[in-house]
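Peer 1: Any chance you can model this:
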Amino acid sequence: MHHQLELIFLVLFATILAQPLGKRTGQAPAVLMTAFGCVLALIPAVPEIHIPPDLILPLVLPPLLYASARRTSWRQFSSNWGAITMRAVVLVIVTAGAVAWVFHEIYPNVPIAAAIALGALVAPPDPVAVSALAGKLGLPRRLVAVLEGEGLFNDVTAIVIYTVAIQAVVTGKFSTWHTALDFATSALVAIAVGLLLGWAGSKFMKRLAEATWQVSLGLLLPFAAYGIADARGGSGVLAVLVCAMYLTDATTDFSDSNYRVVGDSFWEITEMLVTGFAFGLIGLELSTVLSTTGPNWARFLWGAAAVVAVVVGLRLVWLLGTTAVFRGLWRRRDADEPYTWRETVVTWWAGMRGVATVALALAIPLTTDTGEPFPGRTEILFTAFAVVLFTLLLQGPTLPAVVRATGVHADTGLERDLERQLWVRVLNAEMACLKQLSATEGLPDEVYLRLREGFERRLAQADPEAADNARTNTDRTLKFTKKMRQLTNEVVEAGRTEALAARREPGIPPDVVDRVMRRLDLRANARLP
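Peer 2: All right, here's what the predicted structure looks like:
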């Protein structure tokens, strides 16, 4: 046991070191951790890590999905639901079928249901991989939104197909009607559990006085949503997403600056450590795969290469085809231009597989109900890892080069204008509140002018960094009274309310609002106007 703990500590420590190393090398820490895990797996002295496969997803996915879902909103999802559905549902089904057909042709002795299980577990790009790699390359916001939305929701489709296929192999029974019913039931149960826990969690969180207590409850809710939904035949992944998005929207009505500052820091650290551990675990499980396949693992290379080609090639064909078919529809619906071929290429190459694929592959039963070995388990396990390692260790490191070669990048000027406009709205709301309070409270002219001077300076600059500089240049010798501090907090709260209202409006990305909110919260915590 102590060797396992030492190995876990080593992986977590390497996760921390991977952050600065990733900045210096230009590689995502997730890629570095996968490579690090593979190196450890090939060292005979390093023990195999023993985590039951059926515990990997419940332990790793809930906090990572929750952290990712906190960065989005219902509005952002609804504005991209068409593209997300085509990829998270239809493309997953098509990929699972194509992989199953190719795999069954190469290994005729493997039942088609087992081949479908392989197709289901390699079909969905991993949400953790997408967030860890694609989210930090300066891509256009609509591309990142669709990629993250695809990654967040495609596991729902894949896990349902995988579960039905595994049951068909193990029991020898399959029903199309029951498959469709399972899919519908899984979604409905997950949505119900997610909404219920999100609603109950928000009500309970509102009554907790300390930010640390609220954040702690936020940590427990995704695990509860996943476990309750999964135990009742629902999709744990979808339940976590619904719960997180509901809670994120609900907490904007009552959360204060302490909750947001503590919560943002906590989830940033949690996401970093769990992501690093998850990708390190992918590499470490290579030893499990090699021990399963034995010394003759090279005989599986042809089948693995064929499946990799199908997974990667079909994604490109699908994206090009759907972009062409829906180009007119997207142009009529959106003010922006539809996807260009350059953006389609980047989206294609960003389809990395990761944690979910590994966990589902390792969770394949060893035997069927008749006691016979699960057919094709070794071939499936090897092929699944080949897909994961190809997409992570080839597509991952080369994705920045593809982005540079295609010239795809975010319009930082537009984002900066949106952020500046939001600051103008925030500061205007503060000024209006200050004027009203001055009239109702009868503020002395000296007090009112002193406060107005600080707010007007930031309003003129309409820029967070410049506002910080202006704040540090104010007269620090002035001692504010308790009444002034209370009035200042009310003024700042008016600005926060305006910013939170903007988060629910179309056209303003949630993370732009979150950056403004973080500055406001830091200012409030510093007790400065």
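
Peer 1: On the three-state scheme, Thr72 is what?
Peer 2: Following DSSP: H, G, I helix; E, B strand; the rest coil, the label given to Thr72 is coil.

Peer 1: Go ahead and confirm it touches Val146.
Peer 2: No: taking contacts as CB atoms under 8 Å, Thr72 lies outside contact range of Val146: 11.1 Å. To be clear about C-beta, it is placed using only N, CA and C from the backbone, and glycine gets the same treatment.

Peer 1: who has more neighbours, those two?
Peer 2: Val146 (25 against 22; other CB atoms under 10 Å).

Peer 1: so where does the more buried one fall, helix or strand?
Peer 2: Per DSSP states H and E, Val146 falls inside helix 141-171.

Peer 1: ok now that helix, how far from the chain's centre?
Peer 2: 14 Å (CA atoms, centre = their mean, to the nearest Å).

Peer 1: if you average pLDDT over stretch 452-465, what comes out?
Peer 2: What stretch 452-465 shows for mean pLDDT is 59.

Peer 1: same deal with stretch 101-109?
Peer 2: 94.

Peer 1: do stretch 494-510 as well
Peer 2: Mean predicted confidence for stretch 494-510 is 78.

Peer 1: For the closest residue to Leu520 other than its chain neighbours, grab the count of nearby residues.
Peer 2: Nearest residue to Leu520 in three dimensions, chain neighbours excluded: Arg496, at 5.4 Å (CB to CB, 6 or more residues apart in numbering). Other residues near Arg496 come to 22 when the count uses other CB under 10 Å.

Peer 1: Return the backbone torsion pair for Arg496.
Peer 2: phi -60, psi -40 (degrees, to the nearest 10).

Peer 1: domain parsing for this protein?
Peer 2: For the chain, automatic domain parsing gives the domain ranges 2-410, 413-525.

Peer 1: So which of the ones you listed is the most surrounded?
Peer 2: domain 2-410 (a mean of 19; mean count of other CB atoms under 10 Å).

Peer 1: from the middle of its chain, how far away would that domain be?
Peer 2: Using CA atoms, centre = their mean, the offset of domain 2-410 from its chain centre is 9 Å.

Peer 1: picking up where we left off before, hey, least reliable of the domains of the chain by pLDDT?
Peer 2: domain 413-525 (a mean of 67).

Peer 1: residue nearest the centroid of the protein?
Peer 2: Ser68 (3.2 Å; CA atoms, centre = their mean).

Peer 1: So which elements touch the helix or strand containing that residue?
Peer 2: Under the criterion of DSSP H and E, Ser68 resides in helix 53-69. Using 3 or more CB pairs under 8 Å, 6 or more residues apart in numbering; DSSP states H and E, the elements in contact with helix 53-69 are helix 127-133, helix 141-171, helix 211-231, helix 236-251, helix 257-284, helix 355-362.

Peer 1: who wins for proximity to Val516 among these?
Peer 2: helix 257-284 (11.5 Å; CB to CB).

Peer 1: Dump the helix or strand just after the closest one to CSV, keeping only the CA atoms.
Peer 2: Of the helices and strands lying after helix 257-284 in sequence (DSSP H and E), the nearest is helix 286-293. Coordinates of each C-alpha in helix 286-293 appear next as CSV, following Å, rounded to 0.1, in the frame of the first residue of the first chain:
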residue,chain,number,x,y,z
LEU,A,286,0.3,1.2,-20.1
SER,A,287,2.0,-1.4,-18.0
THR,A,288,-1.4,-3.0,-17.4
VAL,A,289,-2.1,-3.2,-21.1
LEU,A,290,1.3,-4.6,-21.9
SER,A,291,1.0,-7.3,-19.2
THR,A,292,-2.5,-8.2,-20.6
THR,A,293,-1.3,-8.5,-24.2
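
Peer 1: tell me what helix 286-293 is packed against?
Peer 2: helix 29-41, helix 377-390.

Peer 1: Reformat the ones you listed as TSV; add distance to Trp81.
Peer 2: TSV is the format used below for the helices and strands packed on helix 286-293 (distance: least, CB to CB, whole Å):
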stretch	distance to Trp81
helix 29-41	27
helix 377-390	27
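
Peer 1: check contacts around Leu188.
Peer 2: Residues in contact with Leu188 (CB atoms under 8 Å, 6 or more residues apart in numbering) are Gly234.

Peer 1: isn't there a helix covering it?
Peer 2: Yes: judged by three-state DSSP, Leu188 forms part of a helix.

Peer 1: so how far is Pro58 from it?
Peer 2: Leu188 is 21 Å from Pro58, where distance means CB to CB, to the nearest Å.

Peer 1: ditto for Ala239
Peer 2: Ala239 is 12 Å from Pro58, by CB to CB.

Peer 1: which residues do the two both contact?
Peer 2: Tyr226, Asp230.

Peer 1: rewinding a little: is it true that the residue nearest to the centre of the chain touches Glu148?
Peer 2: Yes: with contacts counted by CB under 8 Å, Ser68 reaches Glu148, the gap being 6.4 Å.

Peer 1: contacts for stretch 60-70?
Peer 2: Contacts for stretch 60-70 (CB under 8 Å, 6+ apart): 127-128, 131, 148, 151-152, 155, 218-219, 221-223, 225-226, 236-237, 240-241, 243-245, 248, 267, 270-271, 274-275, 277-278, 281, 355-356, 359.

Peer 1: er, stretch 18-37 actually
Peer 2: 11, 14-15, 128-129, 132-133, 136, 272, 275-276, 279-286, 354, 389, 392-393, 396-397, 400.

Peer 1: related to what we said a few turns ago, let me know which of the helices and strands packed on helix 53-69 is the nearest to Thr347.
Peer 2: Comparing these under CB to CB, the one sitting nearest is helix 141-171, at 6.1 Å.

Peer 1: ok, Thr440 - contacts?
Peer 2: Going by CB under 8 Å, 6+ apart, the list of residues near Thr440 is empty.

Peer 1: ok and whatever helix or strand it lives in relative to helix 141-171, angle-wise?
Peer 2: According to DSSP H and E, Thr440 maps onto helix 412-441. Computed with axes from the mean of the first three to the mean of the last three CA atoms, to 10 degrees, the direction of helix 412-441 lies at 100 degrees from that of helix 141-171.

Peer 1: what's the spacing between the residue nearest to Leu520 and Val89?
Peer 2: Arg496 is 38 Å from Val89, by CB to CB.

Peer 1: can you pull the contacts of Ala96?
Peer 2: Counting by CB under 8 Å, 6+ apart, Ala96 has contacts Ile116, Gly119, Ala120, Ala123, Ala158, Ile161.
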